[in-house]
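1. Predicted model and sequence below, questions to follow.
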Amino acid sequence: MKIRLGVVLAGMAAAAAVAVSAASGASTPARSGTATATKIVFCSDTTYPPAEYLQGSKAIGFDVEIAQAIAKSLGASAEIKTTGFDVIIASLLAKKCDAIVSSLTDNAERRKQVDFADYLTVGESLMVKKGNPEHITGLASLSGKSVAVEASTTEKADLDAQNKIFDKQHKPKITIKIFPSDTSAAAALQTGKVSAYFADATPVLYYIKQTGGKFETGGPQIKTAPEGIATRKGDPLGGKIKTAISKLYANGTIQKILAKWGVGQFALKK
């Protein structure tokens with residue numbers, strides 16, 4: 001069913017408000033990583049469809065279902081704890097949750113803080129208005145343009161890096177508009193406040209589909225990188241999650257979840 005982006009994002013904005021509230025609330029006691037635990041608490045920024053978002057007060061999405069499948073494989077249940085993306089690693093390190101499942105790119109900088117169990121490979125995409133009136137084809141085409149992005153994301157870091165290149169080239173920099181939730185960043189393009197919205201390919205393709213083609217990608221995927229479930233360094237839970245992911249790929253469970261949400265192309269390659 002085709003849905004206007006304004007309608008989609010209105011619901012998501014309400015979810016984002018819940019997310020901000022939950023992120024500042026009391027923490028759930030975290031497990032110790034022992035095999036006897038019956039619940040795994042996952043921090044998740046539930047403003048990132050179709051990976052993780054709120055339907056009413058319930059978290060849904062392919063990341064949520066993968067977390068549930070991992071917990072079940074380990075003889076436990078999964079609890080999704082809505083957490084702002086800009087504080088999500090800090091929340092894990094403060095033991096407000098046991099792991100992060102939130103489309104978190106596995107990169108060298110983050111590996112200094114946490115361990116990763118990779119489960120997807122996802123690219124970055126720019127979303128622009130239908131017809132691409134500003135002729136955006138990639139990061140190098142963004143000189144002098146404005147781009148909406150969620151705080152603390154790899155996309156924000158990539159825009160900063162591109163601005164350093166423009167500075168050396170004596171070209172106008174990108175005006176980076178930073179938002180606390182991804183849904184707010186996407187809404188900025190819909191309301192004409194920016195030239196483009198920059199995020200993982202998964203939410204970009206979701207918004208394009210849900211809005212009936214009112215938007216399109218601005219050029220090809222910019223790069224691909226693994227996304228992983230993060231745990232505290234040295235926590236035995238990390239190894240258990242890696243084993244569970246391998247098992248769930250071997251029996252086809254993760255592939256079925258990704259296909260259900262229309263993102264099967266992002267499965268880990270053998």
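-> Arrived safely.
2. Need the residues that contact the strand or helix carrying residue 155.
-> Per DSSP states H and E, residue 155 falls inside helix 154-168. With Cβ atoms under 8 Å, 6 or more residues apart in numbering as the test, helix 154-168 has contacts from 105, 107, 124, 139-140, 142-143, 147, 149-150, 172-174, 176, 178, 198-200, 222, 225. Where C-beta positions appear, they are placed from N, C-alpha and C, glycine not excepted.
3. In strands, which of the residues you listed appear?
-> 124, 147, 149, 150, 176, 178, 198, 199, 200, 225 (DSSP state E).
4. Return the member of those nearest to residue 92.
-> Nearest to residue 92, judged by Cβ to Cβ, of the ones in strands among the contacts of helix 154-168 is residue 150 at 18.0 Å.
5. Can you give me the separation between residue 223 and residue 168?
-> 21 Å (Cβ to Cβ, to the nearest Å).
6. And those two? Which one has more around it.
-> residue 223 (11 against 8; other Cβ atoms under 10 Å).
7. Tell me the confidence at that one?
-> Per-residue confidence (pLDDT) for residue 223: 90.
8. do residue 270 as well
-> Note on residue 270: pLDDT of 71.
9. Run a quick neighbour tally on it.
-> Residue 270: 4 surrounding residues under other Cβ under 10 Å.
10. Could you work out the end-to-end span of stretch 67-87 for me?
-> One end of stretch 67-87 sits 20 Å from the other (Cα to Cα, to the nearest Å).
11. And residue 211, how far from residue 165?
-> 32 Å.
12. between those two, which one's more packed in?
-> Neighbour count, other Cβ under 10 Å: between residue 211 and residue 165, residue 211 has more, with 21 against 13.
13. Identify all contacting residues around stretch 173-180.
-> So stretch 173-180 is in contact with 16, 20, 84, 86, 142-151, 156, 159-160, 162-163, 166-167, 185, 188, 193-194, going by Cβ under 8 Å, 6+ apart.
14. Just the buried residues from those, in PyMOL please.
-> Here is the PyMOL command that picks out the buried ones among the contacts of stretch 173-180, judged by 16 or more other Cβ atoms under 10 Å:
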select buried, resi 16+84+86+142+145+146+147+148+149+150+151+156+159+162+163+166+185+188+194
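15. Would you check that residue 120 makes contact with residue 268?
-> Yes - the criterion here is Cβ atoms under 8 Å, and residue 120 meets it with residue 268 at 6.5 Å.
16. Return every residue with contacts to both of those two.
-> residue 226.
17. Residue 215: how many residues sit nearby?
-> 24.
18. Could you chop the chain up by domain?
-> 5-22+34-120+226-266, 123-217 (automatic domain parsing).
19. Would you format the ones you listed as TSV with mean pLDDT included?
-> Putting those into TSV (pLDDT from 0 to 100) gives the following:
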stretch	mean pLDDT
domain 5-22+34-120+226-266	89
domain 123-217	97
